[in-house]
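> mind folding the following:
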Amino acid sequence: MPAPTHRPITVSIVSHGQQALVLPLLAQLAEHCAASIEKIVLTVNVAEPDLLTHANFAIPIEQITNDAPRGFGANHNTAFQHCTSEWFLVLNPDIRLHADVLEPLRRAATDNDGVLTPRIVEPGQDQPEPHRNILTLGEILARRRKNYQAPKRPAWIPGMFMLFRANAYRQIGGFDQRYFMYGEDFDVCARLWLKGWRICAIDHLQVQHQAQRASQRDYRHLWWHITSLMKVWSSAAFWRYRAARARGSSRG
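Residues are numbered from 1 along each chain as shown. A predicted model of the protein is given here:
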């Protein structure tokens, strides 16, 4: 295991031909969060012009270029091999930051918080997305109703912004690479919780999501989404987590 470094966070970003999204995000990280970031690991998952040719950011950036596209979990697990810091941030290219949320997230963390997130605000909304409950078919359908009652604390957090304690991520072996594009975020939260780590959202911190709803535009993404749900519902972690939460717990 590499020796810890003085800046607390390594950031992992994966680009799927998304230069137009990645470059503004890098600029925002450099503007608002540079003091907290040891490095950014940028994975180019789909061939595109060199993202960093004319870029000059105040944060070290290590670029990984894949010979062939890989899944969400595989890309971030590889990036984690470059992590020498206390925290590991998985960040989507379409997240937008208008202030420093990383240092406040770290300050809010307790010793048993395994993964943290700010609240996510979707386009056209003035309120953040409601917290997510256990990922069941009933929950998926219920979230579409106007009278949906969200849990006070999240059972899991979406993969667009996940600040992991590096030791917790390492303990569970990171993301399960059997998933492809969807389902990894629920699964990793379930396995963290089952190991005694908390899943935490800090309600007074917000970031914006420039949503890219691929599942509504591309049948491949819809298929990946459905097959990933099937994998979640057939996994031992899902059933153990669901049973444990149903029994009740003081943990978030």
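> the most centrally placed residue in the chain: what's it in contact with?
In the chain, the centroid-proximal residue (CA atoms, centre = their mean) is residue 159; its distance is 2.9 Å. For residue 159, the contact set (CB atoms under 8 Å, 6 or more residues apart in numbering) comprises 72, 90, 92, 184-185. For the C-beta atoms, the positions are set from N, CA and C on the backbone; glycine is no exception.
> ok, now with 6 Å
When contacts are counted by CB atoms under 6 Å, 6 or more residues apart in numbering, residue 159 touches residue 185.
> do you know the pLDDT at it?
Per-residue confidence (pLDDT) for residue 159: 96.
> what of residue 224?
The pLDDT attached to residue 224 in the predicted structure is 79.
> where does the stretch 51-200 of the chain dip in pLDDT?
Flagging of the stretch 51-200 of the chain using pLDDT under 70 yields the residue ranges 54.
> and the strands in it?
Secondary structure of the stretch 51-200 of the chain by DSSP state E, counting those that start in this stretch: the strands cover 61-65, 87-91, 95-96, 113-121, 161-165, 198-209.
> same for the fifth one, what does it pack against?
To tie it back to what came earlier, the one meant is strand 161-165. Under the contact definition 3 or more CB pairs under 6 Å, 6 or more residues apart in numbering; DSSP states H and E, strand 161-165 sits against strand 87-91, strand 113-121.
> and the angle for it with strand 113-121?
160 degrees (axes from the mean of the first three to the mean of the last three CA atoms, to 10 degrees).
> give me the buried positions along strand 161-165.
Using 16 or more other CB atoms under 10 Å as the test for burial, strand 161-165 gives 161-165.
> show me which of the residues you listed is closest to residue 106.
Residue 106 lies nearest to residue 163 out of these, by CB to CB, at 7.8 Å.
> the closest one and residue 11, how far apart?
When CB to CB, to the nearest Å is the yardstick, residue 163 and residue 11 sit 9 Å from each other.
> report the set of residues contacting both of those two.
A shared contact of residue 163 and residue 11, defined by CB under 6 Å, 6+ apart, is any residue touching both; here these are residue 89.
> columns mean neighbour count and distance to residue 220 on top of the helices and strands packed on strand 161-165, output as CSV?
Conversion of these to CSV gives the following (neighbours: other CB atoms under 10 Å; distance: least, CB to CB, whole Å):
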stretch, mean neighbour count, distance to residue 220
strand 87-91, 26, 22
strand 113-121, 22, 24
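> fine, thanks again, bye for now.
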